[in-house]
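Novice: return a 3D structure for these sequence lines:
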Amino acid sequence: MDNKSAKNTVGLQPYLSPIAVWAFSVGSAIGWGSLIVTNTNYISQAGPLGSIIGLLIGIAMMLMVASHYHFLSARYPEAGGLYNYIKNIFGYDRAFLVAWYLFLVYISVFWANATSVPLFARYFLHGIFSFGHLYTVFGYDVYLGEVIITLAVIVIIALISMYSNKLTARIMTALAFIFVIGISVCFAVAMIKHPSSGMTMKPAFIPDASHLRQITHIAFISPWAFIGFESVSHYSEEYKFTHKKLFNILLVSLIVITALYIFLVVLSVSAYPEGCSSWLDYITHLDDYEGIEGLPAFYAAHHYLGQSGVYILMASLVALVFSSLIGMMRALSRLCYGVAQDGILSKAFTKLNKKNIPYNTILLVLIVSLPIPFLGRTAIGWIVDTTTFGSTIIYGFASIAVFKASREEKCRKDIILSSICLVILALFLFYLLFPGLFSDHTIETESYALMIAWSLLGLLFFNRVIKKDHARNFGKAIIVWIALLIFMVIMLMTLVQRINESRQNDVINTIQSHYYDDEDNESSKKTDDFFEDQRQALSSISNVSSLIIIFIFGTSIAVLYSNYRSMRKWESIASAERDHARTIAFTDTLTGVKSKHAFEEQEAIIDYQIEEGTLEEFGLIVCDVNGLKRINDTLGHKAGDKYICCSCNMLCEYFAHSPVFRIGGDEFVILLEGRDYKSRNEIIDDINRVIEENIGTDSVVISLGLAEYNSETDKNIHDVFKRADALMYERKKQLKSMGAVIRE
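Specialist: Residues are numbered from 1 along each chain as shown. Down below sits the predicted model:
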C-alpha cells in the first residue's frame, strides 16, 4: 500500500525517506546505556560470549516482532502505531492498555537519556555542572547545575521537534551515522591491535555459574536492548515510500543495533588496566576506578587509539543520547496525537502547527518531563527497569494482534511466527513476574512498586476516559481490566516477597552481629530482650506487607467498581436510546400502530417457528381502505390522513387483542392471536356488517380478507398472506358491486 494514496484526514504529510526511518529506528533503540550499562547488565552477568549469544537470541525474536509491525503497518497506516493496530483488531479497551504501557516505556527511555547528560559531564567534563548541591536522593547527589543542564537539553529537544520535521529527520540521520561509524571504527582498530596487546578476552563466561543460565538471563532482558526500534510505526502516515519496505528497514536497523552492542561488549573486554589479571578482574572491581578507567569501552578505545579514541566514543555517546531523545520525543508525540483523536486525551492535542507537527503533544511530553531532573539518577534507574516489563507487554500485544488478523486472513507464515513469538514473550513475562523461581533479581524491587503504581494510575485514568466517553467506544471488555488486576496482584506478591527478603536479611545480619560482635553480652535478660526485638521486627514485616496488599488491592477493586458503574451508566443510556430508536422504527408515525418494519421482523419470527414446528395456529387479516384516492384528490391529503386514522381506529377497536400493522399507504395487516383468533368469524361478521352500513356515507369502508394458517400446506407466513390478500380483493369487488367507492 502506497502511503501517498492513503486517506489523510488529519493533516500529517508524508516526507520521511527510508534512510530517515532507519535512522529514527536505530537512534531510538540505543542510547546512553549501550556504552555504560552494557558492563553492568551484560558482561558482568554473562561474560562476553554469554552476552553475545543472548543478544543473538534477542535479535531472532526481534525479527519476528519486526515482521509483526510490517504486517500490521501495511493494514493500518495511521498515527499511533501499536495503539492503532490493537484498536482496529481488538477494540478500544485493549488499545488503551497498550497506549498506557507504550507511554511508560518511551517516556522512561526519554528520561533515562535526558538525565544521562549530567553523568556525561561528571565522567568527561570534570563535573563542571556539579555545583549548587540541593539534596541527596537514594544516595545520588542532586546539583542545581545538573538540573539546569538537563532541563535545557529537554527544552532544546522539544524546540527542535516542533520547529521542522525535515530538519529533525536530517539531524537524526547525521547523529545515527556518527555513532555507527564511531563505534565501528573503535571496534575495528581494537580487533586489529588486540592480538599484540598481550591481553586475553577469557573467560568467555562468568566462572562458577551455568553457561545456559547466563545466556538465558541475557536473552530474557534483551527486549530492553531493542526497545524503540519499532517506534517508527507511530508515524507511518509520514512515510514517503510504500509500506512494503518497512520490514527491510527494520531488518537493517536490528542488524546494526545488534552489531553495535556486540562491538561494545567485545571492545569492553579487549583491554584492562595494569594490575588486573583479566577483564573479569577489571569488571569486578570497576567501582574502584574513576574517569575513563571506570568505563571499559572508553578505556579500551584509549588503550588502542589514544586520546583520539576517547574523543570518537565521546562524540558517539553524545550522538546516541541526542538521537534517542529526538526519537522518543517523536514517538511519544505521535502516540499522544493518535490517542487524542479517539478522545483519550483532549482534542487540543490533535492540532498541528504550520509545519504539520502536533506541537501540543510535544509540549505535553516537555511538561511531564520537567520534574524528572529533580528526582536523581537512582530513581530514574528504577523507572527505566520498567521498560523490560513494558516492552514484553507491548511486543506480546503485537503478537496477539498478528495472530488474530493472520488467522482471519489465513496467512500461515504469520500465524506460525506470531505463535512462536507469543510463547517466548509469555515465558519472558513469567520470568519477570516470578524472579524467585529463578533466584534472579534482575529487576530492582522499587521497579515492581513503580509498575504497580503505573497500572493503578492507568485504572484511575481509564475511569476518567469512560466518564467522558460520549461516543461509547470504551468499557466493552471488562476481561481486560480483570487481567490487569491479576497482573497487579502478581507483581504485588513479588514486591512483598522482595521486601520481606530484604527485611529478613537485615534481621539475620543483626543477629549475626549480636553474636559475633557483642562478645561481652552474657546477660540472659539482654539476650531475651534482643530476641524479642527481632521477633517484633519480623512481625512488623508481615504487618506492613499485609497493609500494602490490602491498600493496593482494595484501591484497585474500588477503581474497577467505579469503572464498572460508569460502564453500566453508559450501557443504560445506550439501552434506552436503542429502545427509543426501536420504538420509532417499529411504530407507524401517522396511526401509532406497528410499522411495516415491525411486520417484516414478525414475519421472520413466524417463519422460524413454522420451520421448527413450534407454531400451531394463527390467522392473518389483510385490509385495504376504500376511497382514499377520491378523498385525497377532492379534499386533500390532510383529510386522507384523517380517513386512514379513522380506519385504523376501527380495526384496533374490533381486534383489541391482536397487533395491527400498517404496511402501506392504505394497507393494514392484523395478526390474529388469542381470543381474537378464537372469535375471528364473529368479529369479521360484525365489522363487515358495520362497513356495509357505511356504504354511501362519509364513514369508513374497508375491505378485509381472512386466512388461517394450515400446518400441512403452508410453508411460511407468505402463503397465508397470499390467501388473505386474494380474499381481500374478492371482498373489494363485492363492496364495489354494493356501491362502495373503490380507489383506482
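Novice: just the helices in the stretch 101-250 of the chain please.
Specialist: All helices of the stretch 101-250 of the chain, identified by DSSP state H, counting those that start in this stretch, fall at 116-124, 144-163, 165-193, 211-226, 246-269.
Novice: let me see the ranges of the strands in this structure.
Specialist: 133-137, 140-143, 619-625, 660-662, 667-672, 702-708 (DSSP state E).
Novice: and the fifth one, how far from the chain's centre?
Specialist: I take that to be strand 667-672. 53 Å (Cα atoms, centre = their mean, to the nearest Å).
Novice: show me what counts as buried in that strand.
Specialist: 668-672 (16 or more other Cβ atoms under 10 Å). Heads up, the C-betas are built off the backbone N, CA and C, glycines and all.
Novice: and the shortest one, by the same measure?
Specialist: If you call a residue buried by 16+ other Cβ under 10 Å, then strand 660-662 has these buried ones: 660-662.
Novice: around residue 156, how many other residues sit close by?
Specialist: Residues near residue 156, counting by other Cβ atoms under 10 Å, number 12.
Novice: give me the distance between it and residue 486.
Specialist: Residue 156 sits at a distance of 43 Å from residue 486 (criterion: Cβ to Cβ, to the nearest Å).
Novice: could you list the low-pLDDT ranges of this protein?
Specialist: 1-11, 40, 435-442, 500-554, 556, 559-583, 739-744 (pLDDT under 70).
Novice: report the central residue of it.
Specialist: By Cα atoms, centre = their mean, the chain has its centre lying nearest to residue 98, at 1.6 Å.
Novice: so that one touches residue 83, yeah?
Specialist: Yes. Proximity of residue 98 to residue 83 meets the contact threshold set by Cβ atoms under 8 Å, at 5.4 Å.
Novice: contact partners for the residue nearest to the centre of the chain?
Specialist: Listed by Cβ atoms under 8 Å, 6 or more residues apart in numbering, the contact partners of residue 98 are 82-83, 86, 393-394, 397.
Novice: tell me the contacts of residue 313?
Specialist: 35, 182-183, 186, 297-298, 301.
Novice: now do residue 203
Specialist: 47, 278, 280.
Novice: next: residue 692.
Specialist: For residue 692, the contact set (Cβ under 8 Å, 6+ apart) comprises 735, 738.
Novice: send me stretch 225-243 as CSV with only the CA atoms.
Specialist: What follows is stretch 225-243 as a C-alpha-only set of coordinates in CSV (Å, rounded to 0.1, in the frame of the first residue of the first chain):
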residue,chain,number,x,y,z
ALA,A,225,18.2,-3.6,24.4
PHE,A,226,16.0,-3.2,21.3
ILE,A,227,13.0,-1.3,22.7
GLY,A,228,12.4,1.7,20.5
PHE,A,229,13.3,0.2,17.1
GLU,A,230,9.6,-0.2,16.4
SER,A,231,8.8,3.4,17.4
VAL,A,232,8.8,4.4,13.7
SER,A,233,5.5,2.7,13.3
HIS,A,234,3.9,5.6,15.2
TYR,A,235,4.4,8.0,12.3
SER,A,236,3.7,5.6,9.4
GLU,A,237,1.4,8.3,7.9
GLU,A,238,4.6,10.3,7.3
TYR,A,239,6.5,7.7,5.2
LYS,A,240,7.3,8.8,1.7
PHE,A,241,7.6,5.3,0.4
THR,A,242,5.5,2.1,0.2
HIS,A,243,5.0,0.1,3.4
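Novice: any idea how far the residue nearest to the centre of the chain lies from residue 456?
Specialist: In terms of Cβ to Cβ, residue 98 sits 17 Å off from residue 456.
Novice: off-centre distance for stretch 61-78?
Specialist: For stretch 61-78, the distance to the chain centre is 15 Å (Cα atoms, centre = their mean).
Novice: go through that stretch and flag the buried ones.
Specialist: Result for stretch 61-78 [16+ other Cβ under 10 Å]: buried residues 61-73, 76-78.
Novice: now, those that are in helices?
Specialist: Using DSSP state H, the subset of the buried residues of stretch 61-78 located in helices is 61-73.
Novice: turn the residues you listed into JSON lines, including distance to residue 653.
Specialist: As requested, those are exported to JSON lines (distance: Cβ to Cβ, whole Å):
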{"residue": "61", "distance to residue 653": "76"}
{"residue": "62", "distance to residue 653": "77"}
{"residue": "63", "distance to residue 653": "77"}
{"residue": "64", "distance to residue 653": "73"}
{"residue": "65", "distance to residue 653": "72"}
{"residue": "66", "distance to residue 653": "74"}
{"residue": "67", "distance to residue 653": "71"}
{"residue": "68", "distance to residue 653": "68"}
{"residue": "69", "distance to residue 653": "69"}
{"residue": "70", "distance to residue 653": "70"}
{"residue": "71", "distance to residue 653": "65"}
{"residue": "72", "distance to residue 653": "63"}
{"residue": "73", "distance to residue 653": "66"}
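Novice: what's the closest of these to residue 114?
Specialist: Closest approach between these and residue 114, by Cβ to Cβ: residue 62, at 25.0 Å.
Novice: does that closest one touch residue 254 like I think?
Specialist: Yes. With contact defined as Cβ under 8 Å, residue 62 reaches residue 254; the gap is 5.3 Å.
Novice: mutual contacts of the two, please.
Specialist: Common neighbours of residue 62 and residue 254, counting by Cβ under 8 Å, 6+ apart, are 226, 229.
Novice: of all the helices of the stretch 101-250 of the chain, which one is nearest residue 421?
Specialist: helix 211-226 (11.2 Å).
Novice: which of the residues in that closest one are buried?
Specialist: 213-226.
Novice: relative to residue 241, which of these is nearest.
Specialist: Distance ranking of the buried residues of helix 211-226 against residue 241, using Cβ to Cβ, places residue 226 first at 22.8 Å.
Novice: do you know how far the closest one is from residue 20?
Specialist: Taking Cβ to Cβ, one finds residue 226 at 20 Å from residue 20.
Novice: which residues touch residue 199?
Specialist: Neighbouring residues of residue 199 by Cβ under 8 Å, 6+ apart: 270-272, 279.
Novice: what's the answer for residue 305, then?
Specialist: 186, 189, 312.
Novice: what's the neighbour count on the last one?
Specialist: Okay, so that is residue 312. Residue 312 has 21 neighbouring residues, counting by other Cβ under 10 Å.
Novice: do the same with the one 3 residues further on
Specialist: Residue 315: 15 surrounding residues under other Cβ under 10 Å.
Novice: now it: how far from residue 248?
Specialist: Relative to residue 248, and taking Cβ to Cβ, residue 315 is found at 29 Å.
Novice: pretty sure residue 190 contacts residue 300?
Specialist: Yes. When contacts are counted by Cβ under 8 Å, residue 190 is listed as touching residue 300 (5.7 Å).
Novice: and these two? Which one has more around it.
Specialist: In terms of neighbours (other Cβ under 10 Å), residue 300 is the more surrounded of residue 190 and residue 300; the figures are 29 against 23.
Novice: let me see the contact set for that one.
Specialist: 186, 190, 267-268, 270-271, 309.
Novice: can you rerun that using 7 Å?
Specialist: Residues in contact with residue 300 (Cβ atoms under 7 Å, 6 or more residues apart in numbering) are 190, 267-268, 270-271.
Novice: just flag the most distant two among the contacts of residue 98.
Specialist: 83 and 393 (12.9 Å).
Novice: more neighbours: which of those two?
Specialist: Set residue 83 next to residue 393 and count neighbours by other Cβ under 10 Å: residue 83 wins out with 31 against 24.
Novice: how close does the more buried one get to residue 103?
Specialist: The spacing between residue 83 and residue 103, counted by Cβ to Cβ, is 9 Å.
Novice: what is in contact with these two at once?
Specialist: In contact with both residue 83 and residue 103: residue 335, using Cβ under 7 Å, 6+ apart.
Novice: still on that earlier bit, buried subset of the contacts of residue 203 as a PyMOL selection?
Specialist: In PyMOL, a selection of the buried entries from those looks like this (16+ other Cβ under 10 Å):
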select buried, resi 47+280
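Novice: quick check: of the contacts of residue 203, which lies closest to residue 656?
Specialist: For those, the residue nearest residue 656 by Cβ to Cβ is residue 47; the value is 91.3 Å.
Novice: I'd say the closest one and residue 208 touch.
Specialist: No. Taking contacts as Cβ atoms under 7 Å, residue 47 lies outside contact range of residue 208: 11.7 Å.
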